[in-house]
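Asks: Got a sequence here, can you build the structure:
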Amino acid sequence: MRLHRELGWNPAFRDDGSSLKQRLGALIEEESALLLVAVKDKKVVGYIHGEIAKYLLFAGSEMLISEVFVREALRGHGVGKSLIEAIETEAVKQRCFRISVLNSRERESYKRGFYPSLGYEERPGTAVFNKRLDWG
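Replies: Numbering: from 1, shown residues only. Okay, the predicted model is just below:
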């Protein structure tokens, strides 16, 4: 929660941590989910969240990285790279044929070429479309 707040993300988390604990509890129950954390001096300094997607069209599964957060003070010190390497190792263990990551072009990581520096290629001709759903 502190990491998200430091980075200006998700101010909807309640101060007592209950909403984050609820989300973590639900995530832990998901068999296809993977959450890895980076710890330094007994403090969480970053994390990566991925989901394994199965397709009808493809014979294998794909690891979809949805969140990568690293404390600002530790960016450029190998924390993000270590998290990416760890999730790639897990994707290989799970026999994923591909790993994908969503990254906003407005994010610092996109602007400084973080993912291309690790061998990721932006897919030309591919668009991501979103539609918010009102379910409650």
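
Asks: By mean pLDDT, which helix or strand of this protein comes out lowest?
Replies: helix 2-6 (a mean of 69; mean pLDDT, DSSP states H and E).

Asks: name the helices or strands packed onto the top helix by length along the chain?
Replies: What stands out as the longest helix in the chain, according to DSSP state H, is helix 79-93. Applying 3 or more Cβ pairs under 8 Å, 6 or more residues apart in numbering; DSSP states H and E, one finds that helix 79-93 contacts strand 33-40, strand 43-54, strand 61-70, strand 96-101. Every C-beta, even on glycine, is put in place using the N, C-alpha and C of the backbone.

Asks: just the angle between the shortest one and strand 43-54, please?
Replies: Taking axes from the mean of the first three to the mean of the last three Cα atoms, to 10 degrees, one finds strand 96-101 and strand 43-54 inclined to each other by 130 degrees.

Asks: now for strand 96-101, which elements pack on it?
Replies: Judged by 3+ Cβ pairs under 8 Å, 6+ apart, strand 96-101 is in contact with strand 61-70, helix 79-93.

Asks: most tightly surrounded among those?
Replies: strand 61-70 (a mean of 19; mean count of other Cβ atoms under 10 Å).

Asks: Contacts only, for Arg71.
Replies: For Arg71, the contacting residues are Leu3, Glu6, Leu7, Val45, Gly46, Val79, by Cβ atoms under 8 Å, 6 or more residues apart in numbering.

Asks: swap in Leu3?
Replies: Val44, Val45, Gly46, Tyr47, Phe69, Arg71 are the contacts of Leu3 under Cβ under 8 Å, 6+ apart.

Asks: Apply 6 Å and report the result again.
Replies: Val44, Phe69 (Cβ atoms under 6 Å, 6 or more residues apart in numbering).

Asks: For Ser19, pull up the helix or strand it's in.
Replies: helix 18-29 (DSSP states H and E).

Asks: sorry, back to before: I'd like the helices and strands packed on helix 79-93 written out as a markdown table, with distance to Leu20 and mean pLDDT added.
Replies: What follows is the helices and strands packed on helix 79-93, written out as a markdown table (distance: least, Cβ to Cβ, whole Å; pLDDT from 0 to 100):
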| stretch | distance to Leu20 | mean pLDDT |
| --- | --- | --- |
| strand 33-40 | 12 | 94 |
| strand 43-54 | 12 | 93 |
| strand 61-70 | 13 | 93 |
| strand 96-101 | 22 | 94 |
